[in-house]
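>>> sequence and computational prediction follow.
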Amino acid sequence: MNLLAARRMAVAKLDAAGVPDARLDAVILLAHALGTTRAALALTPSQTELAPDQLRGLEQALNARAARQPISQILGARLFWGREFAVTSDVLDPRPETEILVAAALHHPFASVLDLGTGSGCILLTLLAERPEARGVGVDLSRAALLVAQRNCERLGLTERAGFVQGSWFDPVPGRFDLIISNPPYIAECEMARLSPEVRSWEPRLALTPGGDGLAAYRAICAGATAHLSPGGWLMVEIGPRQGRDVAGLFQAAGLAAIAVLPDMDGRNRVVAGRYLPETA
Ligand SMILES: C[S@@+](CC[C@H](N)C(=O)[O-])C[C@H]1O[C@@H](n2cnc3c(N)ncnc32)[C@H](O)[C@@H]1O
């Protein structure tokens, strides 16, 4: 089969499976199967024949995508803040909106950072890569997720400054940190059925929802914040667009100051930040 025919076949298969953006995904998976980039693929003559192993690889990838497996899991990687992170079905696929949380954190100085619910490690490892003098710890309840985070840490050459521990929120971490950051599970139980098949069927439930009203993780994190923040330190969390008021209220009840709700590029509330100033707490 030549490139042109393979491309048509791929688009038809993904379209039939109801995959959104079938054309784009077909090209991404074709480039992946050929071991090339989309840009190079565009310059490849359309009469080029696919080798048998390339065709097999393409068919496998198309079957996975038709079953609505996310592209990042099929490729095994996702770009986040310009760096490549390994992604498996054991971790949340790093989202572009989480870069808003990272950007907010980088507005402040910090030498120590605690990332609660680290998943792939994308937040902690990005912050440490951007701040060569800082050290940090990533916590996750999922041992499988921590193995992915550790792999990413090694790939980025950050093992001397990053550590990972298994446990629930603050349970496994002693000490205080200049920055506590988290993108916790925040989808309310009643919203789970509305998620796309890519998310609902392929990403870990533990990464998506704490059940109930979606606020349980924020309650736990806020309850432990002032005992684990250095004086002057910041707590920053990602939120769902309709959770700003509730989460800011939890920050206030926890005794944090300078509380701000920050929007993402679409103007939707995305981050809540608050500072531990013991004299005002
Ligand atoms: C929304 S994902 C975020 C992953 C990653 N930080 C990111 O932004 O892509 C939430 C993470 O919290 C972890 N998690 C859920 N409950 C937890 C708990 N009680 N203690 C620690 N981690 C937890 C999940 O395993 C998951 O990796």
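Now that the structure is in, tell me what you want to look at. Residues are numbered from 1 along each chain as shown.
>>> would you mark the buried spots in stretch 221-235?
221-222, 224-226, 228-230, 233-235 (16 or more other C-beta atoms under 10 Å). Glycine gets a C-beta too; all of them are placed from N, C-alpha and C.
>>> next one: stretch 255-264
256, 259, 261-262, 264.
>>> which residues sit against that stretch?
97, 100, 104, 222, 225-226, 235, 239, 244-245, 247-248, 251-252, 269-277, 280-281 (C-beta atoms under 8 Å, 6 or more residues apart in numbering).
>>> separate out the buried members of these.
Buried members of these, scored by 16+ other C-beta under 10 Å, are 97, 100, 104, 222, 225-226, 235, 239, 244, 247-248, 251, 269-277.
>>> give me the subset of the residues you listed touching the ligand.
Applying C-beta under 6 Å from any ligand atom, the subset of the buried ones among the contacts of stretch 255-264 adjacent to the ligand is empty.
>>> gap between the residue nearest the centre of the chain and the ligand?
Centroid-nearest residue in the chain: residue 94, 2.4 Å away (criterion: C-alpha atoms, centre = their mean). Between residue 94 and the ligand the distance is 4 Å, computed by C-beta to the nearest ligand atom, to the nearest Å.
>>> and the pLDDT at that residue?
You'll see residue 94 listed with a pLDDT of 98.
>>> test my guess that it contacts residue 80.
Yes - counting by C-beta atoms under 8 Å, residue 80 is a contact partner of residue 94 at 4.1 Å.
>>> any shared contact partners between these two?
120, 122.
>>> residue 11 belongs to a strand?
No - Residue 11: not assigned to a strand; according to DSSP: H, G, I helix; E, B strand; the rest coil it is helix.
>>> for it, which non-adjacent residue is spatially closest?
residue 26 (4.5 Å; C-beta to C-beta, 6 or more residues apart in numbering).
>>> with residue 259 instead?
Nearest to residue 259 is residue 274, by C-beta to C-beta, 6+ apart, at 4.3 Å.
>>> in the lowest-mean-pLDDT helix or strand in the chain, which residues are buried?
Within the chain, no helix or strand scores below helix 38-42, which has a mean of 88 by mean pLDDT, DSSP states H and E. Using 16+ other C-beta under 10 Å as the test for burial, helix 38-42 gives residue 41.
>>> could you do stretch 186-196 as well?
Result for stretch 186-196 [16+ other C-beta under 10 Å]: buried residues 186-188.
>>> pull up the residues of this structure that are close to the ligand.
Going by C-beta under 6 Å from any ligand atom, the residues of the chain near the ligand are 92, 94, 98, 117-120, 122-123, 139-142, 145, 168-169, 183-185, 206-207.
>>> give me the buried subset of these.
By neighbour count, with 16+ other C-beta under 10 Å, those hold 92, 94, 98, 117-120, 122-123, 139-142, 145, 169, 183-185, 206-207 as buried.
>>> quick revisit: what is the lowest-pLDDT residue among the buried residues of stretch 255-264?
residue 264 (91).
>>> distance check, that residue against residue 122.
As judged by C-beta to C-beta, to the nearest Å, residue 264 and residue 122 stand 16 Å apart.
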